[in-house]
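**Q** Dropping the sequence and predicted coords here.
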Amino acid sequence: MKTARAWQLGIKDMLIMSGSRQRPHLKRPIWIIVLVSLVSICLIGAYIYPPRSSAACYIFSSRDCSIYEQPIHVPSRELTDDETAAQVVIREILKTPPVHSKNPKIAFMFLTPGSLPFEKLWDRFFHGHEDRFTVYVHASSEKPAHVSRYFIGRDIRSEKVIWGKISMIDAEKRLLGHALEDPNNQHFVLLSDSCVPLHNFDYVYNYLMFTNVSYIDCFEDPGPHGNGRYSDHMMPEVEVKDFRKGAQWFSMKRQHAIIVMADSLYYTKFKLYCRPGMDGRNCYADEHYLPTLFNMIDPTGIANWSVTHVDWSEGKWHPKAYRGQDVSYELLRNITAIDMSYHVTSNEKKKMMIQPCLWNGVKRPCYLFARKFYPEALYNLLHLFSNYTTV
């Protein structure tokens with residue numbers, strides 16, 4: 001298993017200074033030594049304290065400079081007052097450098113109707129890493145009976161969630177709101193009661209913390225289950241060319257979580273005009289709101305795939321669910337070995353879109369978690385956990 005240090009870039013890796021040709025001297029002038037020292041200090045300072053202006057970014061390279069590298073968007077039409085206000089707020093959030101926490105943590109947010117059948121498995125996953133994560137549970141139907149110390153006392157105020165309706169987004173925002181109250185939470189993972197971890201904690205922590213994108217599933221589907229769900233009532237703020245689809249199980253950085261909480265304009269459009277039975281079609285906000293929002297406001301800031309695996313190969317309304325007898329070492333290792341993301345359109349062409357899963361530009365396995373597993377799979381998963389999560 002690679003340690004956290006192996007994932008981090010050291011100062012020596014980032015500051016490579018090439019020596020210049022010099023005439024031979026018996027003794028170097030002191031001013032050259034002083035100059036080299038000052039340059040070194042400036043470079044190290046730029047690495048520790050990221051640039052906060054486009055001028056500084058012109059001199060120093062930093063991952064926080066991406067906002068300045070993007071071309072200025074010129075709207076094709078006159079914006080409404082609400083759009084102007086929303087874009088100003090979103091732009092300022094994206095421009096603000098992330099707060100560097102001394103103890104960065106991942107917020108694991110569980111969206112469930114009641115108890116969590118895999119708490120014992122998650123307990124094993126979390127054990128020994130108590131200072132690097134927080135847990136939040138939104139139970140929409142009944143109060144959970146927790147069996148793990150990591151889940152006791154972690155329930156938030158919850159309300160009823162109806163599948164396919166805006167209440168699903170409301171629950172996600174409720175979880176994000178509670179998780180954002182802890183300034184140390186830097187990444188936010190949405191999980192269901194049927195989700196299980198595919199790797200050990202260190203692997204997951206390093207995968208999410210040492211990159212600068214959110215893992216939000218997003219693709220364009222011109223078919224009836226994609227753009228066919230779009231309503232013209234969303235115009236002018238949301239046009240059909242911007243409409244996107246994706247799985248709801250996201251993992252996002254703090255900057256994007258704040259945007260979700262701040263957004264009212266686009267959320268309202270989906271609340272009013274993306275719902276079952278709208279204009280004779282069924283639109284599901286949890287499959288379209290976040291993919292469309294981030295496709296519009298920060299398309300280069302998302303990975304376009306989810307780190308939670310789900311198998312839709314059966315072509316049914318619901319994904320494949322794994323029973324106890326289905327769970328084996330081979331199944332889990334096959335899932336963890338997948339390094340390509342697949343999307344299929346819902347039109348007659350059934351076009352398959354394939355992209356490599358790139359982590360900081362390097363091809364890596366796509367998935368950190370998987371669903372849907374029946375509760376009966378718990379004991380097989382516990383038995384196999386130390387084997388299939390070994391990296």
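**A** Received, thanks. Numbering: from 1, shown residues only.
**Q** As a check, name the ranges of all helices in the stretch 151-300 of the chain.
**A** For the stretch 151-300 of the chain, the helices defined by DSSP state H, counting those that start in this stretch cover 167-180, 201-209, 254-262, 265-273, 285-297.
**Q** List the residues that contact residue 249.
**A** Counting by Cβ atoms under 8 Å, 6 or more residues apart in numbering, residue 249 touches 190-192, 195, 217, 306, 308, 310, 369, 371. Yep, even glycine has a C-beta here, placed from its N, CA and C like the rest.
**Q** buried sites along stretch 162-171?
**A** 164-171 (16 or more other Cβ atoms under 10 Å).
**Q** tell me which of the residues you listed is nearest to residue 283?
**A** Taking Cβ to Cβ as the measure, residue 283 lies nearest residue 164 of the buried residues of stretch 162-171, at 8.6 Å.
**Q** what number of residues lie near the nearest residue to that closest one once chain neighbours are set aside?
**A** In this structure, residue 164 finds its nearest non-sequential neighbour in residue 284, 4.6 Å apart by Cβ to Cβ, 6 or more residues apart in numbering. For residue 284, the neighbour count with other Cβ atoms under 10 Å is 21.
**Q** roughly how far apart are residue 284 and residue 246?
**A** Taking Cβ to Cβ, to the nearest Å as the criterion, residue 284 is separated from residue 246 by 11 Å.
**Q** Mind listing the residues bridging to residue 373?
**A** Under DSSP bridges, the beta-bridge partners of residue 373 are residue 322.
**Q** how about low-confidence regions in this protein?
**A** Scanning the chain for pLDDT under 70 picks out 1-29, 31-77, 390-391.
**Q** quick one on the thing from earlier: redo the buried residues of stretch 162-171 as a markdown table? Include distance to residue 386.
**A** A markdown table is the format used below for those (distance: Cβ to Cβ, whole Å):
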| residue | distance to residue 386 |
| --- | --- |
| 164 | 38 |
| 165 | 40 |
| 166 | 41 |
| 167 | 38 |
| 168 | 34 |
| 169 | 37 |
| 170 | 38 |
| 171 | 33 |
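**Q** from these, which is closest to residue 130?
**A** For these, the minimum distance to residue 130 (Cβ to Cβ) is 26.2 Å, reached by residue 171.
**Q** Enumerate every residue touching the closest one.
**A** Applying Cβ under 8 Å, 6+ apart, the residues contacting residue 171 are 111, 138, 140, 158-159, 161.
**Q** Same question for residue 355.
**A** Residues in contact with residue 355, defined by Cβ under 8 Å, 6+ apart, are 304-305, 340-341.
**Q** Buried subset of the residues you listed as a ChimeraX selection?
**A** Buried members of the contacts of residue 355, defined by 16+ other Cβ under 10 Å, are picked up in ChimeraX with:
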select :304,305,341
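**Q** Out of the contacts of residue 355, which sit inside strands?
**A** Within these, residues falling in strands by DSSP state E are 304, 340-341.
**Q** Break down this protein into its strands, ranges please.
**A** Using DSSP E, strands in the chain cover 105-112, 133-139, 185-192, 196-197, 214-217, 251-253, 302-304, 308-309, 340-344, 352-356, 358-359, 362-363, 369-370.
**Q** Compare those strands and give me the one nearest residue 290.
**A** strand 214-217 (5.7 Å).
**Q** and that closest one, what does it pack onto?
**A** strand 251-253, helix 285-297, strand 302-304 (3 or more Cβ pairs under 8 Å, 6 or more residues apart in numbering; DSSP states H and E).
**Q** okay, the angle between the second one and helix 265-273?
**A** Just to be clear, that refers to helix 285-297. Helix 285-297 runs at 150 degrees relative to helix 265-273, counting by axes from the mean of the first three to the mean of the last three Cα atoms, to 10 degrees.
**Q** Run through who's touching helix 285-297.
**A** Counting by Cβ under 8 Å, 6+ apart, 87, 90, 94, 164-166, 168-169, 172, 214, 216-219, 229, 238, 242-248, 250, 256, 259-260, 263, 266-267, 270-271, 274-275, 301-302 sit against helix 285-297.
**Q** now do 6 Å
**A** Outside helix 285-297, the residues that touch it by Cβ atoms under 6 Å, 6 or more residues apart in numbering are 90, 166, 168-169, 216, 218, 242-246, 248, 266, 270, 274, 302.
**Q** For those residues, pick the one with the most neighbours.
**A** In the contacts of helix 285-297, the most neighbours by other Cβ under 10 Å go to residue 274, 29 neighbours.
**Q** quick one, what contacts that one?
**A** Counted by Cβ under 6 Å, 6+ apart, residue 274 has contacts 283, 285, 288.
**Q** Assess the claim that residue 137 and residue 110 are in contact.
**A** Yes. Counting by Cβ atoms under 6 Å, residue 137 does reach residue 110; the two are 4.8 Å apart.
**Q** Residue 297: how many residues sit nearby?
**A** Neighbours of residue 297 (other Cβ under 10 Å): 20.
**Q** likewise residue 194?
**A** 20.
**Q** Check residue 154 too.
**A** If you count neighbours by other Cβ under 10 Å, residue 154 ends up with 18.
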